[in-house]
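Engineer: predicted model and sequence follow; I will ask about them next.
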Amino acid sequence: METTILDTLHGEMFGIWFLIGAALVFWMQAGFAMVETGFTRAKNAGNILMKNLMDFCIGTVAFILIGFGLLLGEDLVGFIGKPGFDIFTAYESFDWSNFVFNLVFCATTATIVSGAMAERTKFLSYCVYSGVISALIYPIEAHWIWGGGWLAQLGFHDFAGSCAIHMVGGISALIGAKLLGPRIGKFQKDESGKIVKIRAFPGHNLPIGCLGVFILWLGWYGFNGAAATSLDQLASIFLTTTIAPAVATVVCMIFTWVKYGKPDVSMCLNASLAGLVAITAPCDVTDALGSIVIGGVAGVLVVFGVWLLDYKLHVDDPVGAVAVHCMNGIWGTLAVGLFATPTAPGYSIANAAGKELKGLFYGGGFELMGLQLLGFVSVAAWAAVTITATFLVIRKVFGLRVSAEEEIGGLDATEHGLTSAYAGMAMLPEPVYDDAVVAVTGDVPPAEAVEVKRVPEFREPASGGVKMTKVEIICKEARLEALKEAMLAIGITGMTVSHVLGCGVQKGVPEYYRGVEVEATLLPKIQVDIVVSKVPVAQVIDTAKRVLYTGHIGDGKIFVYDVENVVKVRTGEEGYDALQDVE
């Protein structure tokens, strides 16, 4: 009797945890939305939020209609589940928990694709392919692995989705980004069409991106741990799910620090996700040492993946989705064949004959690795063929990409009628690159549209021999008050202050974003103009240098010009006399 009660309590407890885990996986949609928004440009923030919202909503509809049946319906020859409508016809006995749990996993697959195709995809086309992934592509291959299909029967192991979710989403992202083409200005070509320069497009809000990574990491404890069947197994999964991303991030930090001279923030954020993706398949069957190695490889692999896409494949992936999910999804799938150990609690990997299998590095030989390779190749081929066909049909029917003019203006405005996702905040204008071909829609001649006025040369008499000098000071806004007080103290009572934007590279030292050299970025500065004749110019310069100097790059610059004449409009005074109430 006591045993029966304990078994019932155990089942109820893990049934509750199963649903809590599903809720954590759903919450990961917020993490994906934040990462993708933060790693892209502000003019597309609303579009990206809308896509991540619709991922789940469209996916839910598709999963209800056909996806759930294809995934978990009665097995048909090991290939698909039998479609059905038990959710409508037999609701009283329907497996509600399993439906919700598998639904939130399904939505993740489509979300991965969104990041790689961000900033230039038609919203309608996105909705269509998101629905196809949730209705057909993901449920069928997931049935092979989790629904009793042929891979599960052979002994292939993917506990939480390195292969079924992340690799499939990553392959879809790679193919989609390739067919879509790069964002305008990403790759600069010469006259022969050869790519001669790669531009970095830094994300507009790394704090939001970082928040997204932490949300995803939290959600991953549900992603990996929800299907655990014992407390020991759950604790072990939590341990491996913590170690791998932490090690991946440390390795990436050291690697980018050595390679680029500074630790790369966005790359390290990607590395945390890469470690999580890599540990997803083996999280229940590996130990601490295996987790460390898996995470370390993931930390280097994500940097290599970003470099490979930019410099060799020339595929534009704004958020690093391919490097994180495709490459580390593959690595995590194969890592099972290397690091699976029976010392992990609840270990249950066996082949079709029931023989227990172990990883290569734990004395198990090549049998498990062979199964993992077979699963990787089979699922990758399925994903590549089906998503390519999907994208080609969409491109033919609806078109995949927005126009150049829409892309330059931003998808918030052109796809959603949203002036900005940050109402009331002014955004810096985006540069227009040579490959941005914008349609001419007006009929005003160029000479009138861009008017040029020629001002006659000033030939009035000079200032009576008194030397006048203009001192132009460019400095940080934080030092303006100190500069103003110092100028007043030496007798300068008049100055003109302007907010300006400026850029510059100090001593030829380049800056890098995700391994790509960053072009000069316009930064806000203060420009102070002072015209002097009585106060010595050297005193003004020395005072400004003393006040502005902090010993850091960017303290400011001072320009000195000769002034031909000064005219005070109110009194008509000129030259030296016109300056006497300002110095």
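Structural biologist: Everything's here; your move.

Engineer: CA atoms for contacts and neighbours, from now on please.
Structural biologist: Noted.

Engineer: surely Gly169 touches Ala323?
Structural biologist: No. At 11.4 Å, Gly169 does not count as touching Ala323 under the criterion of CA atoms under 8 Å.

Engineer: count of neighbours near the nearest residue to Gly147 once chain neighbours are set aside?
Structural biologist: Nearest non-adjacent residue to Gly147, counting by CA to CA, 6 or more residues apart in numbering: Leu72, 5.1 Å away. By the measure other CA atoms under 10 Å, the count of residues near Leu72 is 25.

Engineer: what ranges do the strands span in the stretch 151-300 of the chain?
Structural biologist: Counting by DSSP state E, counting those that start in this stretch, the stretch 151-300 of the chain has strands at residues 187-189, 195-198.

Engineer: what residues does the shortest one touch?
Structural biologist: The one in question is strand 187-189. If you take CA atoms under 8 Å, 6 or more residues apart in numbering as the criterion, strand 187-189 is touched by Ile195, Val196, Lys197, Ile198, Arg199, His314, Asp435.

Engineer: can you rerun that using 6 Å?
Structural biologist: Ile195, Val196, Lys197, Ile198 (CA atoms under 6 Å, 6 or more residues apart in numbering).

Engineer: could I have the PyMOL command that selects the buried members from those residues?
Structural biologist: In PyMOL, this line selects whichever of those come out buried by 16 or more other CA atoms under 10 Å:
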select buried, resi 198
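
Engineer: list the buried residues for stretch 570-579?
Structural biologist: Glu574, Gly575, Tyr576, Ala578, Leu579.

Engineer: in helices only, show me those residues.
Structural biologist: If you go by DSSP state H, the buried residues of stretch 570-579 have Gly575, Tyr576, Ala578 in helices.

Engineer: would JSON lines of those with distance to Ala288 be doable?
Structural biologist: As requested, these are exported to JSON lines (distance: CA to CA, whole Å):
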{"residue": "Gly575", "distance to Ala288": "80"}
{"residue": "Tyr576", "distance to Ala288": "80"}
{"residue": "Ala578", "distance to Ala288": "79"}
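
Engineer: for these, which one is nearest Gly161?
Structural biologist: Checking these against Gly161 by CA to CA gives Ala578 as the nearest, at 77.1 Å.

Engineer: confirm for me that that closest one is in contact with Thr571.
Structural biologist: No. With contacts counted by CA atoms under 6 Å, Ala578 stays clear of Thr571, the gap being 8.5 Å.

Engineer: for the closest residue to Phe398 other than its chain neighbours, phi and psi?
Structural biologist: Distance criterion CA to CA, 6+ apart; nearest residue to Phe398, sequence neighbours excluded, is Ser125 at 6.5 Å. Ser125 has phi and psi values of phi -60, psi -40 when expressed as degrees, to the nearest 10.

Engineer: number of nearby residues for Ser125?
Structural biologist: Residues lying near Ser125 (other CA under 10 Å) number 19.

Engineer: how close does it sit to Pro139?
Structural biologist: Ser125 sits 20 Å away from Pro139, going by CA to CA, to the nearest Å.

Engineer: give me the number of residues near Ala110?
Structural biologist: With other CA under 10 Å as criterion, Ala110 counts 31.

Engineer: check Val113 too.
Structural biologist: 29.

Engineer: can we start the residue count at 36 from this point?
Structural biologist: Taking 36 as the first residue, the last one we looked at is Val148.

Engineer: for the most centrally placed residue in the chain, what are its contacts?
Structural biologist: Centroid-nearest residue in the chain, with CA atoms, centre = their mean: Val354, separated by 2.8 Å. The neighbourhood of Val354, defined by CA under 6 Å, 6+ apart, consists of Phe74, Gly150.

Engineer: now Ile250
Structural biologist: Gly66.

Engineer: same thing with Gly331?
Structural biologist: Contacts of Gly331 (CA under 6 Å, 6+ apart): Val282, Ala283, Val286.

Engineer: ok, the buried residues of stretch 605-614 vs Ala151, which is closest?
Structural biologist: Checking the buried residues of stretch 605-614 against Ala151 with CA to CA, the nearest one is Leu614 at 59.7 Å.

Engineer: for stretch 592-599, buried residues please.
Structural biologist: Residues Val598, Glu599 are the ones in stretch 592-599 that count as buried (16+ other CA under 10 Å).

Engineer: give me the distance between Glu512 and Ala524.
Structural biologist: Using CA to CA, we find Glu512 at a distance of 20 Å from Ala524.

Engineer: from the chain's centre, how far out does the longest strand seen in the chain sit?
Structural biologist: Assignment by DSSP state E gives strand 558-567 as the longest strand of the chain. In terms of CA atoms, centre = their mean, to the nearest Å, the centre of strand 558-567 is found 37 Å from the chain centre.

Engineer: tell me the phi and psi of Gly113?
Structural biologist: Given degrees, to the nearest 10, the pair of backbone angles that Gly113 has is phi 80, psi 0.

Engineer: what's around the closest residue to it other than its chain neighbours, how many residues?
Structural biologist: In space, and not counting its chain neighbours, Gly113 is closest to Gly184: 4.1 Å by CA to CA, 6+ apart. Neighbour count for Gly184, taken as other CA under 10 Å: 24.

Engineer: quick check on Gly184: phi, psi?
Structural biologist: Per-residue torsions, Gly184: phi -80, psi -170 (degrees, to the nearest 10).

Engineer: just the pLDDT for it.
Structural biologist: pLDDT recorded at Gly184 is 96.

Engineer: looking at the chain, which helix or strand is least sure?
Structural biologist: helix 481-484 (a mean of 45; mean pLDDT, DSSP states H and E).

Engineer: now stretch 303-311: mean pLDDT?
Structural biologist: On average, stretch 303-311 scores 98.

Engineer: how far off centre is that stretch?
Structural biologist: Taking CA atoms, centre = their mean, one finds the center of stretch 303-311 at 11 Å from the center of the full chain.

Engineer: returning to that earlier point: ok, and the most crowded of the contacts of Gly331?
Structural biologist: Going by other CA under 10 Å, Ala283 tops these with 32 neighbours.

Engineer: who's in contact with that one?
Structural biologist: Contact partners of Ala283, counting by CA under 6 Å, 6+ apart, are Ala306, Gly310, Gly330, Gly331, Ala333, Gly334.

Engineer: residues in contact with Thr378?
Structural biologist: By CA under 6 Å, 6+ apart, Thr378 has no neighbours at all.

Engineer: from Val350, how far off is it?
Structural biologist: 42 Å.

Engineer: how about His201?
Structural biologist: Here the criterion is CA to CA. By it, His201 lies 19 Å from Val350.

Engineer: and if you look at Ser455?
Structural biologist: Taken as CA to CA, the span from Ser455 to Val350 is 28 Å.

Engineer: comparing these two, which shows the higher neighbour count?
Structural biologist: It is Val350, of Ser455 and Val350, that has more neighbours when counted by other CA under 10 Å, with 25 against 19.

Engineer: so the more buried one versus Trp131, what's the distance?
Structural biologist: 41 Å.

Engineer: wait, what's in contact with the residue nearest to Gly113?
Structural biologist: Taking CA under 6 Å, 6+ apart, we find Gly184 in contact with Gly113, Phe114, His178.
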